[in-house]
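Chemist: got a sequence here, can you model it:
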Amino acid sequence: MPPVDKAHKIAVIAGAGPAGLTAALELLRRSDFTPIVIEADTQVGGISKTINYLGNRMDLGGHRFFSKSDWVMRWWQEILPIAAGQTESARATRIHYQGQSRDLTSRERASASSDAVMLLRQRLSRIFYRRRFFDYPLTLNSTTVKNLGLLETLKIAMSYGRAQIRFGAPEITLEDFLINRFGTRLYRTFFKDYTEKVWGVPCRQISAEWGAQRIKGLSMAKAVGHALASPFRNAFDTAQKSTETSLIERFLYPKFGPGQMWEEVASRVTALGGAIHLRQRVVGMHCVADKIIGVDVFDERTGAVRRILCDHFFSTMPVKDLVAMLKPEDTRIAQIAAALPYRSFMTAGLLLRCMRGRQTRPENWVYIQEPDVRIGRLQIFNNWSPALVADPETVWLGLEYFCNQGDDLWNMENDQFLDFATGELEKIGLIDRKDVIGGTLVRVPSAYPAYFGTYNQFGLVRSYLDRFSNLYPIGRNGMHRYNNQDHSMLTANAAVDAIAGKAMKQQIWNINAEDAYHEETVADNEGFNAPARL
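Modeler: Numbering: from 1, shown residues only. As a prediction, this is how the structure comes out:
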């Protein structure tokens, strides 16, 4: 790392994920601060990076590029425009902006030869339960009735009706929240076991705030209405701002996966004079009063530690790590932060000749709600973008497992885990082991900040962090908030606005907390059962 010129205004950014890179690019565009981005990984993108295995690209978690924020939609399309040929020649792709719309003309799309593009993709997801496929989001239709049986469907309907009659019961836990909206029977059938598979604790130990943040506006009626209205919806409406997020049927997606977006952003940051240092991490803080004046950075390649002086500090690192470096005098703050819970996950990439009984399946995601296996979700990367698969005659799968660092799944050797994951998909009848060509494994620590444990005291930690005038916690881990990719970008934008004097720091915390930023989902496992939009 080159020495820093003290005459320059410096903003140090911990983390090169969506929040950190958005902050870096916006600082360069809108201020006189030079961003220095410190990233421990070997590549940019954070959890939105793309993993390459023998030319096959893996998306960690599945990233739909859709936002109800006009600013985010424009920002993405400026970086990676929509590919030519994605719509019928006689019609343009329509993007809606707060009740208004405009058509993207051919001038606004990438050339036919460009690979730096976004594709318009169809979404199809299903739930796999009782060795059957259910429509996703869960809707009341002939498939659901056939799979559940008429008697069970009636019992669920009656339970749902009772919940609506007594709606308004106190909501302390996530279990309370879900039963209030779906009834006990539907909650126990489709939500309880899967949610607990994801988070590793009972729903009654998870704060109702999790549901309130992620799934405001739940309604089975909306799901039925969506099914009835589907034939009349504009096939070229990519923004779909009036549609519940879980029911969006088309989305934008980078040709080579989400990491392509952040690799392009990183290139622009460095071209404009910013710096991005990989395999380096912030290990110490230096403060005067309530201001951070410098950070210590450890270089994993050389083992050296260098101090960088700064005027502002953006943190996307886990809150527990940030607070530990700040060393608060109040031991309660340190204890609460140190005990904040996180959930990690592992993705096994399996390359196959075919899936059982067919070459492949049509879904993007399959939610595995079977209680006799530990896999949480299956991705079929062929259906995200054909460019993610090196050989179109093969099937490229991502098997997602939710775990804790140090548990039995996390500690498995790679080959052992791949064998275990293969056996689980074979057990539930989706593949035959003999068709597996090879695979890889990716571990992601502290992927999901959790809403239990000491989280109910997080307000004390937030108040402590707010004391530092030039500290900006942004992104998912930086705020210990389950932000989507677009929410993380909005927090970065709000932080740059605060530096520019166009907003108050408080507005960072309002992202994904005010109604305007909530996810509105309908009977949707993605919103609360599964960490789906990373």
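Chemist: where do the helices sit along the stretch 351-500 of the chain?
Modeler: Along the stretch 351-500 of the chain, counting by DSSP state H, counting those that start in this stretch, helices occupy 414-427, 458-466, 475-479, 485-499.
Chemist: nearest to Thr394, of those?
Modeler: Each of the helices of the stretch 351-500 of the chain has some distance to Thr394 by CB to CB; the shortest is helix 414-427, at 15.2 Å. All C-beta atoms are positioned from the backbone trio N, CA, C, and that covers glycine.
Chemist: list the helices and strands that closest one packs on?
Modeler: Packing partners of helix 414-427 (3 or more CB pairs under 8 Å, 6 or more residues apart in numbering; DSSP states H and E): strand 342-352, strand 395-403, strand 436-449.
Chemist: hmm, back to that, Trp262 is nearest to which of the helices of the stretch 351-500 of the chain?
Modeler: Closest to Trp262 of the helices of the stretch 351-500 of the chain is helix 485-499 (CB to CB; 9.7 Å).
Chemist: which strands or helices does that closest one pack on?
Modeler: So helix 485-499, by 3+ CB pairs under 8 Å, 6+ apart, packs with helix 18-30, helix 70-79, strand 312-315, strand 471-473, helix 475-479, helix 506-510.
Chemist: 7 Å instead, please
Modeler: Applying 3 or more CB pairs under 7 Å, 6 or more residues apart in numbering; DSSP states H and E, one finds that helix 485-499 makes contact with helix 18-30, helix 70-79, helix 475-479, helix 506-510.
Chemist: quick one on the thing from earlier: so which of the helices and strands packed on helix 414-427 is the most surrounded?
Modeler: Across the helices and strands packed on helix 414-427, averaging neighbours per residue (mean count of other CB atoms under 10 Å) puts strand 395-403 on top, at a mean of 25.
Chemist: where in the stretch 151-300 of the chain is pLDDT low?
Modeler: 167-168, 211-249 (pLDDT under 70).
Chemist: surely Trp262 forms part of a helix?
Modeler: Yes: judged by DSSP: H, G, I helix; E, B strand; the rest coil, Trp262 forms part of a helix.
Chemist: send the alpha carbons of whatever helix or strand Ala266 lives in over as CSV?
Modeler: Secondary structure from DSSP states H and E places Ala266 in helix 258-271. In CSV, the C-alpha atoms belonging to helix 258-271 read as follows (Å, rounded to 0.1, in the frame of the first residue of the first chain):
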residue,chain,number,x,y,z
PRO,A,258,-23.6,-10.4,-9.9
GLY,A,259,-19.8,-10.2,-9.5
GLN,A,260,-19.6,-8.7,-13.0
MET,A,261,-21.4,-5.6,-11.8
TRP,A,262,-19.0,-5.0,-8.9
GLU,A,263,-15.9,-5.8,-10.9
GLU,A,264,-17.0,-3.1,-13.4
VAL,A,265,-17.7,-0.7,-10.5
ALA,A,266,-14.2,-1.5,-9.0
SER,A,267,-12.6,-0.7,-12.4
ARG,A,268,-14.4,2.7,-12.5
VAL,A,269,-13.3,3.5,-9.0
THR,A,270,-9.6,2.9,-9.8
ALA,A,271,-9.9,4.7,-13.1
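Chemist: mind checking how far Ala494 is from Trp509?
Modeler: 9 Å (CB to CB, to the nearest Å).
Chemist: re the thing from before, could I get the helices and strands packed on helix 414-427 as CSV with mean pLDDT?
Modeler: Formatted as CSV, the helices and strands packed on helix 414-427 follow (pLDDT from 0 to 100):
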stretch, mean pLDDT
strand 342-352, 96
strand 395-403, 96
strand 436-449, 95
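Chemist: is the nearest residue to Ile276 once chain neighbours are set aside in a bridge, and if so with what?
Modeler: Once flanking residues are discounted, Ile276 sits nearest to Val37: 4.4 Å by CB to CB, 6 or more residues apart in numbering. Beta bridges link Val37 to Ile13, Ile276 when assigned by DSSP bridges.
Chemist: contacting residues for Val37?
Modeler: 13, 16, 20, 24, 274-277 (CB atoms under 7 Å, 6 or more residues apart in numbering).
Chemist: any buried residues in stretch 268-284, and which?
Modeler: Residues of stretch 268-284 classed as buried: 269, 274-278, 280-282 (neighbour count, 16 or more other CB atoms under 10 Å).
Chemist: SS state for Ile308?
Modeler: Strictly by three-state DSSP, Ile308 counts as strand.
Chemist: residues contacting it?
Modeler: Contacts of Ile308 by CB under 7 Å, 6+ apart are 4, 12, 36, 294-295, 297.
Chemist: CSV for these, including distance to Ala498 and neighbour count?
Modeler: Listed next are the contacts of Ile308 as CSV, based on distance: CB to CB, whole Å; neighbours: other CB atoms under 10 Å:
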residue, distance to Ala498, neighbour count
Val4, 23, 18
Val12, 16, 24
Ile36, 19, 23
Gly294, 21, 18
Val295, 19, 22
Val297, 24, 21
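Chemist: tell me, how many residues neighbour the closest residue to Leu378 other than its chain neighbours?
Modeler: The shortest distance from Leu378 to any non-neighbouring residue, by CB to CB, 6+ apart, is to Val366 (4.3 Å). By other CB atoms under 10 Å, the residues close to Val366 number 21.
Chemist: any idea of the pLDDT on Val366?
Modeler: Model confidence at Val366, expressed as pLDDT, equals 94.
Chemist: just Thr394 next, same as before
Modeler: Here, the pLDDT recorded for Thr394 equals 96.
Chemist: need the nearest residue in space to it, chain neighbours excluded.
Modeler: Once flanking residues are discounted, Thr394 sits nearest to Leu351: 5.8 Å by CB to CB, 6+ apart.
Chemist: who's in contact with stretch 420-438?
Modeler: Outside of stretch 420-438, the residues within contact range by CB under 7 Å, 6+ apart are 131, 348, 350-356, 370, 373-375, 394, 399, 412.
Chemist: CA-only coordinates of it in CSV, if you can.
Modeler: What follows is stretch 420-438 as a C-alpha-only set of coordinates in CSV (Å, rounded to 0.1, in the frame of the first residue of the first chain):
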residue,chain,number,x,y,z
PHE,A,420,-22.7,-35.4,1.7
ALA,A,421,-24.5,-32.8,-0.4
THR,A,422,-24.7,-35.1,-3.4
GLY,A,423,-26.2,-37.8,-1.2
GLU,A,424,-28.9,-35.4,0.0
LEU,A,425,-30.1,-34.5,-3.5
GLU,A,426,-30.0,-38.1,-4.5
LYS,A,427,-32.0,-39.1,-1.3
ILE,A,428,-34.9,-36.7,-2.2
GLY,A,429,-34.9,-37.9,-5.8
LEU,A,430,-33.6,-34.9,-7.7
ILE,A,431,-30.3,-36.3,-9.1
ASP,A,432,-28.4,-39.6,-9.5
ARG,A,433,-24.9,-39.7,-8.1
LYS,A,434,-23.5,-41.3,-11.3
ASP,A,435,-24.3,-38.1,-13.2
VAL,A,436,-22.1,-35.8,-11.1
ILE,A,437,-19.0,-34.6,-13.0
GLY,A,438,-17.4,-32.5,-10.2
